[in-house]
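A.B. asks: mind folding the following:
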Amino acid sequence: MITNVIVVFSTVLIGAVLFIPRVANNPLWRATITPLASIIGSGFLILGPILNQAYGGYAPLIMAALCLVAFLFGAAIRFNIMSATVARNDRVIINLENLSSWVLAFAYIISVAYYLNLFGAFGVRLVSQGNETSGRLLTSGIFILILVVGWTRWFSALERMEQVSVNLKLAIIAGLIIGLALFAGERALDNQLIFNFAQEQGWAALTLAFGLIVTVQGFETSRYLGQEYDAPTRIFSMRFAQYFSSLIYVTYIVLIAYLFRPDEFSLNETAIIDMMAVVAPVLPFLLIIAALSAQFSAAVADTGGSGGLIAELTKGRIKTHQAYALLVFTGLVLTWSVNIFEIVSYASRAFALYYGLQSAIAVQYSFKSGALPRAVGFGFLAMLGFIIAIFGTPVEA
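C.D. replies: Alright, predicted model coming up:
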């Protein structure tokens with residue numbers, strides 16, 4: 001009972017702080033909200049069970065490695081933001097930018113399917129244990145809703161939900177981590193912490209990690225806020241969002257890795273709900289609320305981003321609302337043909353390709369400025385992005 005009270009109190013308190021006007025309207029915080037919301041989203045809900053099941057006691061190391069790789073890719077994009085203000089009109093860079101924009105638009109399409117399939121899975125848990133068909137039906141209904149809204153020009157009304165959704169999600173995540181810390185402390189005092197051996201090893205373990213890159217994706221959104229913020233603000237927002245999200249992710253995985261044995265839960269997209277019910281009975285309900293708000297707002301954001309990119313890249317030949325129709329069609333096909341872990345892998349590989357291309361752009365900028373060692377480093381990052389895009393594999397539930 002006391003854990004429930006502390007979790008709820010912490011969630012309400014942190015939520016109240018985030019909604020204070022001086023915090024909510026702070027320009028640097030507002031610039032950080034967008035990448036932070038994208039990074040700490042769906043990944044937070046599925047990473048704990050996946051890493052615990054696959055890597056056991058080594059899960060925190062894998063989480064730290066994912067955050068490090070994401071930060072390095074972020075460094076390439078931050079370098080591009082800075083360089084774009086002084087170096088333009090390079091044909092190689094222009095072509096790579098166009099290609100990476102197409103890849104990003106495609107990655108957004110897959111990520112929307114990822115978000116909404118999680119929405120469907122968590123949504124049906126509100127009324128029952130749920131099943132795959134029910135989740136897919138709910139996901140399909142939300143896809144149709146987004147299409148209708150996109151075609152009737154009401155999309156901006158949905159986009160205004162983003163900050164409310166982000167603050168709610170961050171408050172619930174804070175409550176979750178505090179609840180986990182209390183539970184882990186009790187287990188430690190009773191000498192009940194456990195160390196699971198990794199079930200994935202060698203090349204299989206590496207390619208599985210490749211397929212999870214999308215769970216720490218989202219920092220790149222800072223690059224596309226140029227109409228609202230200057231380059232230094234966007235660079236700061238991305239770096240701070242990555243530092244903050246990495247701290248949250250690693251803390252979360254450290255707390256969860258030594259509390260549960262793999263045979264104590266069934267690995268599926270909503271496994272975190274069953275795991276957290278042991279920690280505090282109130283947490284499953286809070287997590288479902290966080291999941292529904294986070295997945296819907298993230299799906300709306302990426303739908304808008306994809307539609308806008310496609311319209312821009314085709315110079316208006318494909319209208320924004322037509323791009324929404326393409327996205328919804330693709331999402332429905334993915335929803336009814338593959339499982340969510342396969343969608344996660346596809347999204348990871350698409351974003352890895354985008355990061356590889358952005359790293360290649362950083363190589364070109366480095367050559368233009370005469371920074372050969374930096375060009376070599378970004379070259380290795382580009383190769384890593386392409387390798388992840390080729391070899392990333394999905395979780396086997």
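A.B. asks: buried stuff in stretch 282-298?
C.D. replies: Going by neighbour count (16 or more other Cβ atoms under 10 Å), the buried part of stretch 282-298 is 282-284, 286-298. Backbone N, C-alpha and C define where each C-beta goes, glycine included.
A.B. asks: got any ranges where the protein has weak pLDDT?
C.D. replies: Applying pLDDT under 70 to the chain flags the ranges 1, 41-42, 85-88, 128-130, 153-163, 226-227, 396-397.
A.B. asks: which helices and strands sit right next to the helix ranked longest in it?
C.D. replies: Ranked by residue count and defined by DSSP state H, the top helix of the chain is helix 91-124. If you count contacts as 3 or more Cβ pairs under 8 Å, 6 or more residues apart in numbering; DSSP states H and E, helix 91-124 packs onto helix 42-55, helix 132-151, helix 283-313, helix 320-337, helix 340-369.
A.B. asks: so which bits of the last one are buried?
C.D. replies: Within helix 340-369, the residues that qualify as buried are 340-367, counting by 16+ other Cβ under 10 Å.
A.B. asks: now do stretch 330-349: everything it contacts.
C.D. replies: When contacts are defined by Cβ atoms under 8 Å, 6 or more residues apart in numbering, stretch 330-349 is touched by residues 46, 107, 109-114, 116-118, 120-121, 132, 136, 139-140, 143, 210-215, 217, 269, 388-390, 392-397.
A.B. asks: err, stretch 101-117, not the other one
C.D. replies: Under Cβ under 8 Å, 6+ apart, the answer for stretch 101-117 is 41-42, 135-136, 139, 142-143, 214, 217, 220, 269, 295-296, 298-299, 302-303, 305-306, 309-310, 312-313, 323, 326-327, 330-331, 334-335, 340, 343-344, 346-347, 350-351, 353-354, 357.
A.B. asks: what does stretch 14-24 give?
C.D. replies: With Cβ under 8 Å, 6+ apart as the criterion, stretch 14-24 contacts 29-30, 163, 167-168, 170-171, 174-175.
A.B. asks: returning to what we had before: could I get the helices and strands packed on helix 91-124 in a markdown table, plus columns for distance to residue 21?
C.D. replies: Below are the helices and strands packed on helix 91-124 laid out as a markdown table (distance: least, Cβ to Cβ, whole Å):
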| stretch | distance to residue 21 |
| --- | --- |
| helix 42-55 | 27 |
| helix 132-151 | 29 |
| helix 283-313 | 21 |
| helix 320-337 | 33 |
| helix 340-369 | 34 |
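A.B. asks: can you tell me which of the ones you listed is nearest to residue 243?
C.D. replies: helix 42-55 (16.1 Å; Cβ to Cβ).
A.B. asks: send the alpha carbons of the closest one over as CSV?
C.D. replies: Extracted as CSV, the C-alpha positions of helix 42-55 are listed here (Å, rounded to 0.1, in the frame of the first residue of the first chain):
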residue,chain,number,x,y,z
SER,A,42,7.6,3.2,-27.0
GLY,A,43,11.1,1.9,-26.3
PHE,A,44,10.7,2.4,-22.6
LEU,A,45,7.7,0.1,-22.6
ILE,A,46,9.2,-2.8,-24.3
LEU,A,47,13.0,-2.6,-23.6
GLY,A,48,12.9,-3.8,-20.0
PRO,A,49,11.3,-7.2,-20.7
ILE,A,50,13.3,-7.7,-23.9
LEU,A,51,16.7,-6.9,-22.4
ASN,A,52,15.9,-8.9,-19.3
GLN,A,53,14.9,-11.9,-21.3
ALA,A,54,17.7,-11.8,-23.9
TYR,A,55,20.7,-10.5,-21.9
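A.B. asks: now do that helix against helix 283-313, angle only.
C.D. replies: 110 degrees (axes from the mean of the first three to the mean of the last three Cα atoms, to 10 degrees).
A.B. asks: tell me what the helix or strand just after helix 42-55 is packed against?
C.D. replies: Counting by DSSP states H and E, the next helix or strand C-terminal to helix 42-55 is helix 59-84. On a contact count with 3+ Cβ pairs under 8 Å, 6+ apart, helix 59-84 meets helix 42-55, helix 202-210, helix 231-257, helix 340-369, helix 372-391.
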